[in-house]
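Participant: Sharing a model prediction with you, sequence too.
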Amino acid sequence: MEILIDADACPVKAEIYKVAARYGVAVKVVSNSPFRIPDSPLVSRVLVDDSFDAADDWIAENSNAQTIVITADILLAERCIGAGSQVLGHNGKPFTADMIGSAIATRAIMADLRSGMAAADGIGGPPPFSKADRSNFLQSLDQILHRLKRAG
C-alpha cells in the first residue's frame, strides 16, 4: 500500500507524512518541481517533466487498488478511481465512483460560466483552505488507512 500525492498544489503534505508514518505506509510526492520532503525511508520524490499533465499521467499510470491518491484534480481522480484507487481531496472529501460523474459535470459548467464572464464579474474560485478542511482531511485519511490496514 502507498500514498501518491499530486503535490504541486497540495496544502496537506505535512499531514500526509505524519499519518503515513504512524501507519508505516510509503508516500510518493509527485510533482513538476522539487519539494522539500522529510528524511524518511517511507517518503520519496518523483519528479516529472514540466509538460502539461505529466504529474497527473504518472499518478494515473501508477495507481491501483493498493494506492491512495491525494488530489484536488477531478479529472485525475476519475482516472485513479477507474484504476481502483481510493482518492481523497485536500479538504478530506473522498472522490467516489458514485459522485465523480456529477463532479465532472459541475466542473464543466463552472468552466463555461467563468469563460463567459468578465474578470470583474468573476464568480471566484474555491473557498480558502481552512483549519476545518485540514482537520477533515486528517480524519478521512486516518479512516481510509485504518480500513485498508484491517482489510489487508
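Facilitator: Thanks, I have the structure now.
Participant: Relative to Arg36, how far out is Lys149?
Facilitator: Going from Lys149 to Arg36 by CB to CB, to the nearest Å gives 28 Å. Bear in mind the C-beta positions are built from the backbone N, C-alpha and C, glycine included.
Participant: do the same with Phe52
Facilitator: 25 Å.
Participant: Then Asn64?
Facilitator: 28 Å.
Participant: These two: which has the busier surroundings?
Facilitator: The residue with more neighbours, out of Asn64 and Arg36, is Asn64; 11 against 8, by other CB atoms under 10 Å.
Participant: Now do the SS call for the more buried one.
Facilitator: Under DSSP: H, G, I helix; E, B strand; the rest coil, Asn64 falls in the coil class.
Participant: which residues touch it?
Facilitator: By CB atoms under 8 Å, 6 or more residues apart in numbering, the contact list for Asn64 reads Ala83, Gly84, Ser85.
Participant: Quick one: buried ones out of these?
Facilitator: Ala83, Ser85 (16 or more other CB atoms under 10 Å).
Participant: Of the contacts of Asn64, just say which sits nearest to Ala132.
Facilitator: Ser85 (25.2 Å; CB to CB).
Participant: what's the nearest residue to that closest one if we skip its chain neighbours?
Facilitator: Spatially, and ignoring its direct neighbours in sequence, Ser85 is nearest to Ser63 (4.2 Å; CB to CB, 6 or more residues apart in numbering).
Participant: Check Asn62 too.
Facilitator: Asn62's closest residue in space is Leu4 (CB to CB, 6+ apart), at 6.6 Å.
Participant: now do Val19
Facilitator: Leu141 (5.1 Å).
Participant: So that neighbour lies in a strand, does it not?
Facilitator: No - Leu141 is assigned helix when assessed by three-state DSSP, not a strand.
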